[in-house]
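Undergrad: sequence first, predicted model second:
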Amino acid sequence: MVQPRIGSRLRSRARRQWIAAAAFVGYWVLWELIARAGIFYEGVIPSSIAILRALYEIAFDRALYLNTAVTAFEVAVAILIGCGCGLAFGLLGGAVRTIGAAYEPYVHYLAPTPKIVFLPVLLLCFGVGFGTKIALGALSAFFPMAIATLAGVRGVDPVLLRVGQSFNLSRLQLAVKIYLPALRAPVLTGLKLGFGFALIGVLLAEIKLSNAGLGFMAIQYYNHFEMAELYALMMIIFLLAGGVNALVDRLTPRRWGR
Amino acid sequence: MRVSTILGLATVAAAAALLELLVASGVLPAYIFVRPSAMLFSIVGLFREEALLERLLVTLGATLLSAAMAVVSGVSLGWALYRCRLLDEVFGTWIAALAAAPLILLYPLFLVVFGRGEPTIIAMAYVASLVAMTLKTRDGLAGVRSVLRAVGASFRVTPAQLFWRIELPAAAPAIFTGIRLALIFALINVIGIEFMINDGGIGGLIADLADRYEVPSMYAAILFVVLASVAFFWATERAERWFNPA
Amino acid sequence: MRKIVLALVLTGLSLASCPVFANDVVKVASAQKGFWDTTILLYGERAGLFKAQGLDLEITWTNGGAETEQAVISGSVDIAAANGILGAIAAHAKGAPVRIIAAESTGVTDLFWYARGDSGLKSFGDLDGKTVGFSSPGSSSNMVALALIAQAHVSAKPVATGGAPGTLTQVMSGQIDVGWAVPPLHFDLIDQGKIRIIGRGSDIAEMRDQTVRVFETNTTTLAAHRDILIRFFRAYQKTLDWAYREPEALVQFAADNKVSLEQAHRARDEFYPQSALALAPISNLDLTVKQAIELKRLSAPLTAEQVRELIDIVYDPRTDK
């Protein structure tokens, strides 16, 4: 006799919310226990009160917004360049089969390479300004967009294409009325992944060298052993990243990658 | 050989030849750019003078250790999330959120807790790999077709038999994908953290060479890391296909 | 009416075509924001001392080492400040177009080593079989740690522990016995007796007159803007004089590091004597070259020609009137 899954009775939404709240309280209690247990040297795991206090102070510090603006600018330009090139590659590779077959293996196998190792080269080429950070972000964002777009173009339902051809649609009409709507989901998925990788690339570059940006802010806190502030800033960064992801998720049709 | 393969290889060769020409002729400054021939030659030097093989083994060792830890705990956690809906509701969304989070940015925190060295590298790679492994296991088990469970029920199997003989084999493709992702994420994070903290295997070597301004060797090390990543990725893909022909 | 509009337009056009007397912008890469010697030029900038020389500074902060060097090599900054002399020598020896144009720090007066207050360790002489931290291989803290161990004739093991915060937690959690830091870090812990200073860079006699950090520029900037570099260092010298005479820089230093003014005073007066930050000369280059060869930064000693090419002091306050 197969046993039913444990807790399968707990289905109502209200119950789920109670569970989420209880889980949150549980995490918080566990954190406080670790912070106060003395397992780690004091300050390494600050208490939640200290982190909340730091969060409050940072939220009213003009530096947070200035640094966020710098990082946001770098990430935005990185996405524009990286995802733009990735989109172009995907469209070209999907439209011209030989080109796609020729270069896709390189994109596929280079995609998982850790891009941070290119930082010394980019630094020599672009210097200490925005250039290096944007270049690393763009390099990181290119691959997921290229792969997603290529897959999207190849994955357009051939039935839709035949319908379009049977209506004698021009190339432009095919592109606008069939390809574009079909590519919306994979392009948005590529954009979401591209954003994540671009953000990581930009922040890591800012950690290594900068005079502004959230990465710079983080390493300053670390260098001065301001751990509560560092945790608070990490929370802000994660929340911002999560927020952008959620926004892109809302725009992505349900069928794809969710 | 197919036309597309020739085209791809020809493009790489042409780009390398162009770079070689531009640097040799002085159009591109030699203290910033390096001739591809010098890069390849320097790789040999790296083996001899920079203990590249030992460093590669350090990196692979950290990768395999963190991935192995992630697989064991990820499969267990994924199974627990699948078996207990309450657990899934409590932890599931947090784990899914972590999958999209830039975890590598937590490395200063790990540095403070674990110190500068292998423990930080392995801990960070473990956390990054654990998430993918857990989610793939959970989704794989949840995706087992109900008809298979019904067949098991009709043969009156015990819960243990159901898991080992029906659910686990059916979820194996997803679990193998999870193992492959765990290995990939582990390698990326190991090399990345080694570079950021300038310690350890091949990632630390790049940072060290950059510090010493050994530009040709630095480029060679970067090229080696790219080739090693590609080879690793190809090997894991092959292994996954071998385990899961479908 | 038409004449008035025409007059306004012509005035506007002629104003637009006039050269605006803006300051020269100097791009500087400096390591590790927050330490007294690396951040002092920021305080001088805020006090208007660089503006008085017709200069505006754009400072980029790096984590030191390779990034500062690469920034000046690539030409994206004009001056690399507080860069390790070993890095400068190595880059130049490999053909990088860089020149040392001033000293930044002579003697290693800032670095100190500490142990837990309850460890019983009081000096480097007690460190037989113990572990001693330094930041990263090839750094000045690496050189000094090795020298302190050799001077004390103990068999201690040097361990690369990375930045000061991570080093502190490793010491306090017992992973290593002795950690390194620079002031004003951990002064509160010293005052509370939780840690104790057991050795300092200034304890190494042979390094007391060794220039360990320098200012660098690239050859393009040196050739085209030597006058700007001279004005930069004139302003920097005035900044040094001001910072050791007036309290304002110390107030900012205390605020930036979240320490008391008394601790800031102690950091500056005990660990950063003004003489250590003199812009000239580049001292004890022989010892530096010897260390560079030991640490594989150089394969052979520098020739006289190479030294002449490498070092070009653009401004010597001892001779400037």
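TA: Thanks, I have the structure now.

Undergrad: all contacts plus neighbour counts: C-alpha atoms, from now on.
TA: Fine.

Undergrad: what about A:Ile99, how many residues nearby?
TA: Per other C-alpha atoms under 10 Å in any protein chain shown, the neighbour tally for A:Ile99 reads 19.

Undergrad: one more: A:Arg162?
TA: A:Arg162 has 11 neighbours, counted by other C-alpha under 10 Å.

Undergrad: gap between it and chain B?
TA: Using C-alpha to the nearest C-alpha, to the nearest Å, we find A:Arg162 at a distance of 27 Å from chain B.

Undergrad: confidence score at that residue?
TA: Looking at A:Arg162, its pLDDT reads 86.

Undergrad: C-alpha coordinates for the helix or strand harbouring it, CSV please?
TA: Counting by DSSP states H and E, the element that carries A:Arg162 is helix A:158-166. Taking C-alpha atoms only, helix A:158-166 is exported to CSV below (Å, rounded to 0.1, in the frame of the first residue of the first chain):
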residue,chain,number,x,y,z
PRO,A,158,7.0,25.1,-38.0
VAL,A,159,3.2,24.9,-38.2
LEU,A,160,3.1,28.7,-37.5
LEU,A,161,5.7,29.3,-40.2
ARG,A,162,3.7,27.2,-42.8
VAL,A,163,0.5,29.2,-41.8
GLY,A,164,2.4,32.4,-42.4
GLN,A,165,3.7,31.2,-45.7
SER,A,166,0.3,30.0,-46.8
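
Undergrad: got the buried residues for that helix?
TA: For helix A:158-166, burial by neighbour count (16 or more other C-alpha atoms under 10 Å in any protein chain shown) applies to A:Gly164.

Undergrad: for stretch B:147-159, same thing?
TA: For stretch B:147-159, burial by neighbour count (16+ other C-alpha under 10 Å) applies to B:Arg149, B:Gly152, B:Ala153, B:Val157.

Undergrad: near chain A too, which of those?
TA: Near chain A, judged by C-alpha under 8 Å from any C-alpha of the partner chain, the entries from those are B:Ala153, B:Val157.

Undergrad: is it possible to export the buried residues of stretch B:147-159 to a markdown table including distance to A:Gln220 and secondary structure?
TA: Listed next are those as a markdown table, based on distance: C-alpha to C-alpha, whole Å; DSSP: H, G, I helix; E, B strand; the rest coil:
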| residue | distance to A:Gln220 | secondary structure |
| --- | --- | --- |
| B:Arg149 | 56 | helix |
| B:Gly152 | 59 | helix |
| B:Ala153 | 60 | helix |
| B:Val157 | 60 | coil |
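
Undergrad: right, and the pair among the buried residues of stretch B:147-159 with maximum separation?
TA: Farthest-apart pair in these is B:Arg149 and B:Val157; separation 9.6 Å (C-alpha to C-alpha).

Undergrad: hang on, A:Met234 packs against B:Leu106?
TA: Yes. A:Met234 sits in contact with B:Leu106 when judged by C-alpha atoms under 8 Å, with a separation of 7.5 Å.

Undergrad: counting neighbours, go ahead and name the busier of those two.
TA: Higher neighbour count among A:Met234 and B:Leu106: A:Met234, with 20 against 14, using other C-alpha under 10 Å.

Undergrad: what helix or strand does the more buried one sit in?
TA: Secondary structure assigned from DSSP H and E places A:Met234 in helix A:227-251.

Undergrad: now the strands for the chain?
TA: In the absence of a named chain, chain A is used. A:209-210 (DSSP state E).

Undergrad: oops, I was thinking of chain C
TA: Assigned by DSSP E, the strands in chain C fall at C:24-31, C:55-62, C:79-84, C:98-106, C:112-116, C:131-134, C:157-160, C:178-181, C:195-200, C:211-218.

Undergrad: list the contacts of whichever residue of chain C sits closest to chain A.
TA: Sorted by distance to chain A under C-alpha to the nearest C-alpha, the residues of chain C start with C:Thr62, at 4.2 Å. C:Thr62 sits next to A:Lys208, A:Leu209, A:Ser210, C:Ala29, C:Ser30, C:Ala31, C:Gln32, C:Lys33, C:Thr68 when contact means C-alpha atoms under 8 Å, 6 or more residues apart in numbering or on different chains.
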